[in-house]
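Colleague: dropping the sequence and predicted coords here.
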Amino acid sequence: MSGRGGMSGGTGVAGSGGGADARARARTEAAQRVRPGRRFSVLPVPASIEILELDLPVGPLTAFRALPQGRPGEPVRGTALLVPGFTGSKEDFVPLLPLLAERGFDAWAFSQRGQGDSAAPAGEEHYTLDAFSGDVLHVASLVAQLTGRQRAHLVGHSFGGTVARAAAVSGGREAFEDLTMLCSGPHGWPGRKAAEEAKLRGAGKRIDLWTLDRPEAARTARRDPDRLGAGERFLRERSMRTSVDSLLGAIDILADPADSTPELAVTALPVLVAHGAHDDAWPQEWQRTMAERLGARYEVIAGAGHLPNQENPVATADLLSDFWSRTS
């Protein structure tokens, strides 16, 4: 990893008897598990975003990091850890990460297991909610050891919100400053994404979702990939690299009606529930009611639907920065 990272003490390190030496060792060990990565596909990545590969128990997960570029010695306001949603990846946060860095935050995003160019173990049994949320806890611990900031501001988008909520319930205030549920609700419902599941299983789990949804475009892309625009080409290549097992595991989670809101409330973590004004992927009323039950802050982001991190990243960054300034 480049020399821009640095610090120490993840969970259990800052308070250990070894003091500065123990923190230095933890930082060194963490740095050995964070390596420079390579750009995935054709989507441009700004120079302000560092491309990384994180060595975790599941295998290498790819990540982005955007560091504040303030005056020398100016303190970082905190660590932000962003978790992408169904069919997504770290690239979903490219517009948002530099804006968070501009506001003083050390901003990280990673592709979950099975997404894009991250590790993808074979078998649906590897894609449970415990497995996904366990990865979030591992990433948070690694980042804490590397930076010396024990707790991160955790953000989960859509399905990533479901995963982040489970991680927050497990990690509590030891791992996280707060939780933001971005376009994500309290639970799933039976039959959710049943059409997608039927397509994937009907194709014997051998064909990706983009190809199944866009057969004409897929035929064109096979003949001449350059005929696709950069954005569509990226979506195709990401879909082709995404594990079908991971999608089926996520669909099973998204269809679960179990509500963990009471367990989240017990953590006493500050929570922000936010969604775009035109979000139709998760019932907005469910999101508002969840916020009320948690005593959480609730905000609607204008000029956005289900992807405010892309559709209105400035307003999203301003909202997150304001929330985090009140919880740290």
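Modeller: The structure has been received and is ready for your questions. Numbers count the residues shown, from 1 in each chain.
Colleague: quick one, phi psi at the residue lying closest to residue 254 once chain neighbours are set aside?
Modeller: Distances taken as CB to CB, 6 or more residues apart in numbering place residue 188 nearest to residue 254, at 4.4 Å, with adjacent residues excluded. Quick note: C-beta positions are derived from backbone N, CA and C, even for glycine. In this entry, residue 188 is assigned phi and psi values of phi -100, psi -160 (degrees, to the nearest 10).
Colleague: ditto for residue 238
Modeller: For residue 238, the backbone dihedrals (degrees, to the nearest 10) come out as phi -60, psi -40.
Colleague: for it, what are its contacts?
Modeller: With contacts defined as CB atoms under 8 Å, 6 or more residues apart in numbering, the neighbours of residue 238 are 40-41, 87, 89, 91, 115-116, 210.
Colleague: one step back: and the residue nearest to residue 254, what is it in contact with?
Modeller: When contacts are counted by CB under 8 Å, 6+ apart, residue 188 is found next to 162, 253-257.
Colleague: ok, now residue 220?
Modeller: Neighbours of residue 220 in contact, by CB under 8 Å, 6+ apart: 227-228.
Colleague: and what of residue 212?
Modeller: Counting by CB under 8 Å, 6+ apart, residue 212 touches 199-200, 203.
Colleague: can you check residue 205 too?
Modeller: 244-245, 248.
Colleague: at 7 Å instead, please
Modeller: Residues in contact with residue 205 (CB atoms under 7 Å, 6 or more residues apart in numbering) are residue 244.
Colleague: just say helix, strand or coil for it.
Modeller: Of the three states, residue 205 takes coil according to DSSP: H, G, I helix; E, B strand; the rest coil.
Colleague: quick one, phi/psi of it?
Modeller: Reported as degrees, to the nearest 10, the phi and psi values for residue 205 are phi 60, psi 20.
Colleague: before we move on, what about the one 4 residues further on?
Modeller: Backbone geometry at residue 209, expressed as degrees, to the nearest 10, gives phi -70, psi -40.
Colleague: any idea how far residue 258 is from it?
Modeller: Remark: distance between residue 209 and residue 258 (CB to CB, to the nearest Å) = 25 Å.
Colleague: which one's more surrounded, the two?
Modeller: residue 209 (18 against 10; other CB atoms under 10 Å).
Colleague: spatially nearest residue to that one, not counting backbone neighbours?
Modeller: Nearest residue to residue 209, sequence neighbours excluded (CB to CB, 6+ apart): residue 239, at 5.6 Å.
Colleague: which ones are touching that neighbour?
Modeller: So residue 239 contacts 87, 208-210 (CB under 7 Å, 6+ apart).
Colleague: just give me the closest of those to residue 150.
Modeller: Closest approach between these and residue 150, by CB to CB: residue 87, at 32.1 Å.
Colleague: neighbours around the closest one, how many?
Modeller: 21.
Colleague: got it, and residue 289?
Modeller: Neighbours of residue 289 using other CB under 10 Å come to 16.
Colleague: do you know how far it is from residue 67?
Modeller: Going from residue 289 to residue 67 by CB to CB gives 37 Å.
Colleague: what's opposite the residue nearest the centre of the chain in the beta bridge?
Modeller: For the chain, residue 83 is the residue whose C-alpha lies nearest the centre (CA atoms, centre = their mean; 0.9 Å). With DSSP bridges as the criterion, residue 83 is bridged to residue 156.
Colleague: send me stretch 92-107 as CSV with only the CA atoms.
Modeller: Taking Å, rounded to 0.1, in the frame of the first residue of the first chain, the C-alpha atoms of stretch 92-107 are listed here in CSV:
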residue,chain,number,x,y,z
ASP,A,92,-20.9,2.6,-7.1
PHE,A,93,-19.3,5.1,-4.7
VAL,A,94,-16.8,6.7,-7.2
PRO,A,95,-18.8,10.0,-7.3
LEU,A,96,-19.2,10.1,-3.5
LEU,A,97,-15.8,9.1,-2.1
PRO,A,98,-13.8,12.2,-3.2
LEU,A,99,-16.6,14.4,-1.8
LEU,A,100,-16.4,12.8,1.6
ALA,A,101,-12.6,13.2,1.5
GLU,A,102,-13.0,16.9,0.7
ARG,A,103,-15.1,17.1,3.9
GLY,A,104,-12.3,15.7,5.9
PHE,A,105,-13.1,12.0,6.1
ASP,A,106,-10.9,9.0,5.3
ALA,A,107,-13.4,7.3,3.0
